[in-house]
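# A predicted structure for the sequence below; I have some questions about it.
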Amino acid sequence: MLQKKEFKIIDNAKYELSNSVFLYPFADLADGQGFFIPLEPNNTMDKLVWATHKQVQQFRVQNSEIEKNDEGDDILENFTVNVKVRNPDGSIQMDGDNPKLTVSSGLRPKLIGPNFAVRVIRKDDEIGENIKADGDGVLVIRLN
């Protein structure tokens, strides 16, 4: 017969891992907060967006849990990705006015954890209440 045990309840349990391995302060953001990453000289917007998405995804994977069913089995989700074909310098290949695309699909674990939006920003775009961007870059916003 199972016996009920006593457990210590921990207030404000630390869920997220160390932020030290990331270039950006993802763990420091509350829902709705964001930070601006300026476009550096000799960089392209394509490369900045790609690198930012990569950092966001690494943070999400390291700070999320895989959703489970009631028997503890991993729940998977179908996905399809429109993959932008890139040049060696990281810029996106174009077909006229549209990016060249290939399709990738499969199954992946369904993650429960933080989500972020990455938005391309141009100089003087409003990035917060009465805050305008000093230059081109990306805005990262924590959604949950």
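Received it, and whenever you're ready, just let me know what you need.
# For the closest residue to residue 82 other than its chain neighbours, list the residues it contacts.
In this structure, residue 82 finds its nearest non-sequential neighbour in residue 101, 4.8 Å apart by CB to CB, 6 or more residues apart in numbering. Where C-beta positions appear, they are placed from N, C-alpha and C, glycine not excepted. Counting by CB atoms under 8 Å, 6 or more residues apart in numbering, residue 101 touches 82-85.
# Now rank those by neighbours and give me the top one.
Neighbours here mean other CB atoms under 10 Å. Within the contacts of residue 101, the largest count is held by residue 84, at 15 neighbours.
# need the helices for this protein, in chain order.
With helices called from DSSP state H, the chain shows them at 45-62.
# Centroid-nearest residue for it?
The residue lying closest to the centre of the chain (CA atoms, centre = their mean) is residue 56, at 3.0 Å.
# Now do the contacts for it.
Residue 56 touches 26, 116, 118, 140, counting by CB under 8 Å, 6+ apart.
# count of neighbours near the second one?
In other words, residue 116. For residue 116, using other CB under 10 Å, the count is 20.
# Could you report the pLDDT at the spatially closest residue to it that is not a sequence neighbour?
Closest residue to residue 116 apart from its sequence neighbours, by CB to CB, 6+ apart: residue 56 at 4.9 Å. Note on residue 56: pLDDT of 95.
# just the one 3 residues further on next, same as before
We note a pLDDT of 92 for residue 59 in this prediction.
# Pretty sure it sits against residue 28.
No - between residue 59 and residue 28 there is no contact under CB atoms under 8 Å: 11.4 Å.
# out of these two, which sits in the busier spot?
residue 59 (21 against 11).
# how far away is the more buried one from residue 90?
For residue 59, the distance to residue 90 (CB to CB, to the nearest Å) stands at 21 Å.
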